[in-house]
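[1] Could you look at this predicted model? Sequence included:
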Amino acid sequence: MAASCVLVDVDPPELQFPFELGKQISCPLKITNRTGRTVAFKVKTTSPKKYCVRPNNGVVGPRSACVVVVTMQAQTMAPPDLQCKDKFLVQSVVVSDGLSAKDITSQMFMKDEGNMAEEVKLKVAYVMPPEPQSEIAEEFDGPQRIFVPMERIVEDGRSGSGLSSGSVSLRSAELGTEVGSPIRRVVKNKDLLKTAGPVVETRKHSGSDEQYLELSALIVKLTEENKSALEQNRKLRDDLVSIRLKSCTLYMVPLKI
């Protein structure tokens, strides 16, 4: 709601500046002529060295409006609790038609000169600056890192090593089926794994949260399948050793004494 007098409406009724040290901050001020006559205005402040007002005076036609920009100079120290005692004063007076801004004088707004000058007082408030959108976007949409235990990375004899500088690149996740996923094959090299440590960090996944969850689920599935395949291979090796031992026993020739 605008602050008003008989001649003009001033919006906003309180000048709010998102306070940041070392940064100029601007706040627009709209002055609307409520009458059918030409009105001149002048903007004053209790801290003229702290603020820049452009324009600080002017003429507004009947039922018209103009915008004044109030700029707070860069501050080197924050006030206690961000409290501000500065104030602004918007003076207005009816003038003759055809008057321009350069014709305005301070005497026009002096009440002791018999002028019907009106005044609107405005307070100043410091507010916390809004959180940057770029950071919000990065928090939800930015890259996410996925950590994979080294001993659970899938071993595939057909795939080449994807290790570089201690990190694993996810290539095609292909274990007999085609998987439509942003990741590719998970690879392992025994010699390089020994020097890379027990846990390695994958490359950043820049997809959405849904893709990230799909990727994590796929890694768990692949590692479980790999664990099962290794267990089956171990059993097959044990069975093969047992068969070979039995074969050797059958073909042994008894020694004659």
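    Everything's here; your move. Numbering: from 1, shown residues only.
[2] Is Ser96 in a helix, a strand, or coil?
    Under the three-state scheme (DSSP: H, G, I helix; E, B strand; the rest coil), Ser96 adopts coil.
[3] Pretty sure it sits against Val59.
    No: using C-beta atoms under 8 Å, Ser96 is not in contact with Val59, being 10.2 Å away. Where you see a C-beta, it was placed from the backbone N, CA and C, and this is true even at glycine.
[4] the more surrounded of these two?
    A direct count of neighbours by other C-beta atoms under 10 Å for Ser96 and Val59 places Val59 higher, at 21 against 9.
[5] Quick one: low-confidence residue ranges for the protein.
    Low-confidence segments of the chain, defined by pLDDT under 70: 113-114, 132-212, 247-257.
[6] If you count neighbours, what's buried in stretch 13-28?
    By neighbour count on 16 or more other C-beta atoms under 10 Å, the buried set for stretch 13-28 is Leu15, Phe17, Phe19, Ile25, Cys27.
[7] So for Ser96 and Val59, which residues contact both of them?
    Counting by C-beta atoms under 8 Å, 6 or more residues apart in numbering, the residues touching both Ser96 and Val59 are Thr38.
[8] Dump the buried residues of stretch 13-28 into a markdown table; add distance to Asn233 and secondary structure as well.
    Below are those laid out as a markdown table (distance: C-beta to C-beta, whole Å; DSSP: H, G, I helix; E, B strand; the rest coil):
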| residue | distance to Asn233 | secondary structure |
| --- | --- | --- |
| Leu15 | 75 | strand |
| Phe17 | 70 | strand |
| Phe19 | 67 | coil |
| Ile25 | 68 | strand |
| Cys27 | 72 | strand |
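[9] tell me which of these is nearest to Lys111?
    Leu15 (24.4 Å; C-beta to C-beta).
[10] List the residues that contact the closest one.
    By C-beta under 8 Å, 6+ apart, the neighbours of Leu15 are Cys27, Leu29, Val70, Phe88, Leu122, Lys123, Val124, Ala125.
[11] Now, of these, which are buried?
    Buried among these by 16+ other C-beta under 10 Å: Cys27, Leu29, Val70, Phe88, Leu122, Val124.
[12] got the residue ranges for the helices in this protein?
    Listed in chain order, the helices found in the chain under DSSP state H are 133-141, 190-196, 209-250.
[13] Nearest to Arg37 among the buried residues of stretch 13-28?
    Minimum distance to Arg37 across the buried residues of stretch 13-28 is 27.1 Å, recorded for Leu15 (C-beta to C-beta).
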